[in-house]
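# Below are the sequence and a predicted model; questions follow.
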Amino acid sequence: MRGRTDSRDPRATAWTAAGCAAALLLAGGCTGDSSSAAEDPPVPHAIPGDLEAAYQDVVRDALPSVVQITTEDGLGSGVLYDDSGHIVTNAHVVGQGREFEVLLATSQTPLSARLVSSYPPQDLAVIELTDPPDGLRPADFGDSSRVEVGQIVLAMGNPLGLSSSVTQGIVSAVGRSVSEGEGQTTLGNMVQTSAAINPGNSGGALVDLSGDVIGIPTLAARDPGLGGGQAPGIGFAIPAATVTSLADQMIEHGRVVDSGRAALGVSVRTVLGDGFEPAGAALVDVAEGGPADRAGLRPGDVLVKLGSEPITDVVSLTEALASHQPDDTVRVRYARDGERRSAEVTLGEA
């Protein structure tokens with residue numbers, strides 16, 4: 001980890017007459033000429049001491065709740081969910097595994113854990129320590145509905161195998177729908193953050209300055225301009241409300257019984273236009289009695305818009321659905337036999 005650097009600019013110690021005028025507006029007065037002011041300027045501080053102390057307090061409080069998970073495929077992170085030894089993490093961290101090793105932040109001896117349940121559609125999983133020790137430090141999960149853009153957050157995890165690492169950033173956006181590509185998971189209502197999320201951070205904790213976990217870091221954006229490499233400063237986390245809702249179900253029932261994910265009740269494929277560009281999502285199958293069927297849609301129809309979102313392919317359709325809830329009523333635009341039509345659809349649950 002790099003040491004803290006002093007970001008103060010030596011040029012800030014030289015005041016000009018314009019600077020004095022600015023001070024006059026802000027402070028209500030400015031004595032002496034510009035040369036005397038230059039001799040005794042105020043000293044700016046890059047990081048107020050109370051903010052630095054707040055960071056350190058949060059790390060002391062929250063980091064003991066973050067664990068390292070070793071699977072057959074590599075390393076990931078997790079968060080202690082309760083004092084019974086349940087741990088939440090990403091579904092892609094556990095993969096197809098059922099047995100794991102867990103290293104607590106406060107120990108050097110790995111513990112055994114088993115899979116409770118995995119829910120790939122929201123990339124969330126719960127594992128459980130087989131012999132949980134005393135003195136576990138479960139995380140406090142906050143109210144992610146109150147998260148605001150600009151809020152300072154810390155990402156905690158084990159990036160690249162560097163255990164108990166912490167990065168800092170802000171909440172860049174909320175309510176994002178993110179897809180990892182055609183045929184892969186599309187995650188809705190995600191928290192976007194500038195805190196670095198590197199391989200191994202997945203499944204860790206995104207923490208606010210109250211020490212509450214507001215999300216589970218899950219993936220970093222990929223930049224096609226960088227050959228699909230990671231785009232710096234753009235990461236996404238599953239909001240705490242989704243985490244707690246699904247984790248409680250998996251612990252109680254061994255599976256998710258109420259996903260909260262909207263669905264049309266169709267299977268689709270991407271269709272191409274005359275220039276071989278994606279031109280819509282064609283319905284391959286329509287579930288009998290499902291939302292699309294009730295709205296009069298049928299196989300062969302090509303969806304081109306859902307609500308206000310244009311539909312060009314399978315990915316854009318799943319992203320549009322991820323921004324809605326079951327029982328929402330939305331207008332869809334579609335093509336049938338060369339004609340554009342529309343219908344009102346009341347969404348079901350995936």
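All right, it came through fine. Residues are numbered from 1 along each chain as shown.
# And the strands in the stretch 151-300 of the chain?
152-157, 165-179, 186-193, 205-208, 213-223, 229-239, 262-263, 266-272, 278-286 (DSSP state E, counting those that start in this stretch).
# Now tell me which of those the model trusts least on average.
Looking at the strands of the stretch 151-300 of the chain, the lowest mean pLDDT belongs to strand 229-239 (a mean of 85).
# Would you indicate which residues of that strand are buried?
Within strand 229-239, the residues that count as buried by 16 or more other C-beta atoms under 10 Å are 230, 233-239. The way it works is simple: take the backbone N, C-alpha and C, and place the C-beta from them, glycine included.
# name the helices or strands packed onto that strand?
Using 3 or more C-beta pairs under 8 Å, 6 or more residues apart in numbering; DSSP states H and E as the contact test, the elements touching strand 229-239 are strand 165-179, strand 186-193, strand 213-223.
# try 10 Å
Using 3 or more C-beta pairs under 10 Å, 6 or more residues apart in numbering; DSSP states H and E, the elements in contact with strand 229-239 are strand 152-157, strand 165-179, strand 186-193, strand 205-208, strand 213-223, helix 240-253.
# List the neighbouring strands of that strand plus their orientation.
strand 186-193 (antiparallel), strand 213-223 (antiparallel) (DSSP bridges).
# got the angle between that strand and helix 240-253?
Comparing the axes of strand 229-239 and helix 240-253 via axes from the mean of the first three to the mean of the last three C-alpha atoms, to 10 degrees yields an angle of 60 degrees.
# Put the alpha carbons of strand 229-239 into PDB.
C-alpha atoms of strand 229-239 as PDB (Å, rounded to 0.1, in the frame of the first residue of the first chain):
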ATOM      1  CA  GLY A 229      -9.400  -4.400 -19.800                       C
ATOM      2  CA  GLN A 230     -10.700  -2.900 -16.600                       C
ATOM      3  CA  ALA A 231     -11.800   0.700 -16.700                       C
ATOM      4  CA  PRO A 232     -10.300   2.500 -13.800                       C
ATOM      5  CA  GLY A 233     -12.600   4.200 -11.300                       C
ATOM      6  CA  ILE A 234     -15.800   2.400 -12.400                       C
ATOM      7  CA  GLY A 235     -16.900  -0.400 -10.200                       C
ATOM      8  CA  PHE A 236     -20.300  -1.800  -9.100                       C
ATOM      9  CA  ALA A 237     -21.700  -3.200  -5.800                       C
ATOM     10  CA  ILE A 238     -24.900  -5.100  -5.000                       C
ATOM     11  CA  PRO A 239     -26.900  -2.800  -2.600                       C
END
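# before we move on, the earlier item: quick one, which of the strands of the stretch 151-300 of the chain is packed in tightest?
Most buried of these, by mean neighbour count (mean count of other C-beta atoms under 10 Å): strand 205-208, with a mean of 29.
# which strands and helices sit next to that one?
Against strand 205-208 (3+ C-beta pairs under 10 Å, 6+ apart) you get helix 49-62, strand 66-71, strand 74-80, strand 152-157, strand 165-179, strand 213-223, strand 229-239, helix 240-253.
# Save those as CSV, and put in distance to Ser316 too.
What follows is the helices and strands packed on strand 205-208, written out as CSV (distance: least, C-beta to C-beta, whole Å):
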stretch, distance to Ser316
helix 49-62, 36
strand 66-71, 32
strand 74-80, 29
strand 152-157, 28
strand 165-179, 8
strand 213-223, 16
strand 229-239, 17
helix 240-253, 22
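# So which of the ones you listed is nearest Ala282?
strand 165-179 (18.3 Å; C-beta to C-beta).
# As CSV, could you dump the C-alpha coordinates of that closest one?
These are the backbone C-alpha positions of strand 165-179, laid out as CSV (Å, rounded to 0.1, in the frame of the first residue of the first chain):
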residue,chain,number,x,y,z
SER,A,165,-6.9,-4.3,1.7
VAL,A,166,-8.8,-1.0,1.8
THR,A,167,-9.5,1.4,-1.1
GLN,A,168,-11.3,4.7,-1.0
GLY,A,169,-13.7,6.5,-3.3
ILE,A,170,-17.2,7.9,-3.6
VAL,A,171,-20.6,6.7,-4.7
SER,A,172,-20.6,7.7,-8.4
ALA,A,173,-24.2,6.7,-9.2
VAL,A,174,-27.1,4.6,-7.9
GLY,A,175,-29.7,2.4,-9.6
ARG,A,176,-27.4,1.2,-12.4
SER,A,177,-28.2,-1.9,-14.4
VAL,A,178,-25.0,-3.8,-15.4
SER,A,179,-24.6,-6.8,-17.7
